[in-house]
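> I'll drop the sequence and a predicted model, then ask my questions.
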Amino acid sequence: MDEKEIFSRIVRIINHVLEEESAVTKENILIEDLLFDSVSLLYLQVSIEDEFDIRFDPLTDDFGSIFYNVDNLCKDISKKINGDENSGECVS
């Protein structure tokens, strides 16, 4: 799956979790720009796991970094799906 499709699906999930249509960019910081709180971040995590059939590992994944902004989230999902530690930029 390419980064453009991953980004598009993440945007759809974010808008669903926020229950509004937002102009999401890869630079958006989830807490500061999109106003996610701890409950909505958890809902986002579960929704992403279901959508992409992946799991975040609380022992090895750095949630603070992964869920910092949309680009980090996109890159981490790409790594998990494609198994590529050197995955490229998230394309919007």
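Ah, there it is.
> and the gap between residue 68 and residue 2?
Residue 68 sits 22 Å away from residue 2, going by C-beta to C-beta, to the nearest Å. From N, CA and C alone the C-beta is placed, and that goes for glycine too.
> same check, this time on residue 71
In terms of C-beta to C-beta, residue 71 sits 15 Å off from residue 2.
> quick one, which of these two is more surrounded?
Taking other C-beta atoms under 10 Å, residue 71 and residue 2 do not tie; residue 71 has more neighbours (19 against 11).
> tell me which element that one falls in.
Taking DSSP states H and E as the criterion, residue 71 maps to helix 70-82.
> Now do that helix: which elements does it pack against?
Under the contact definition 3 or more C-beta pairs under 8 Å, 6 or more residues apart in numbering; DSSP states H and E, helix 70-82 sits against helix 3-18, helix 38-52, helix 63-66.
> so which of the ones you listed is the most packed in?
A comparison of the helices and strands packed on helix 70-82 by mean neighbour count, using mean count of other C-beta atoms under 10 Å, puts helix 3-18 on top with a mean of 18.
> for that helix, the distance to its chain's centre please.
From the chain centre to the centre of helix 3-18 is a distance of 7 Å (C-alpha atoms, centre = their mean, to the nearest Å).
> again, but for stretch 26-44
10 Å.
> Mind listing residues that contact that stretch?
With contacts defined as C-beta atoms under 8 Å, 6 or more residues apart in numbering, stretch 26-44 is touched by 7, 13-14, 17-18, 22, 24, 67-71, 73-74, 90, 92.
> Low-confidence regions, this protein specifically.
For the chain, applying pLDDT under 70 flags the ranges 84-92.
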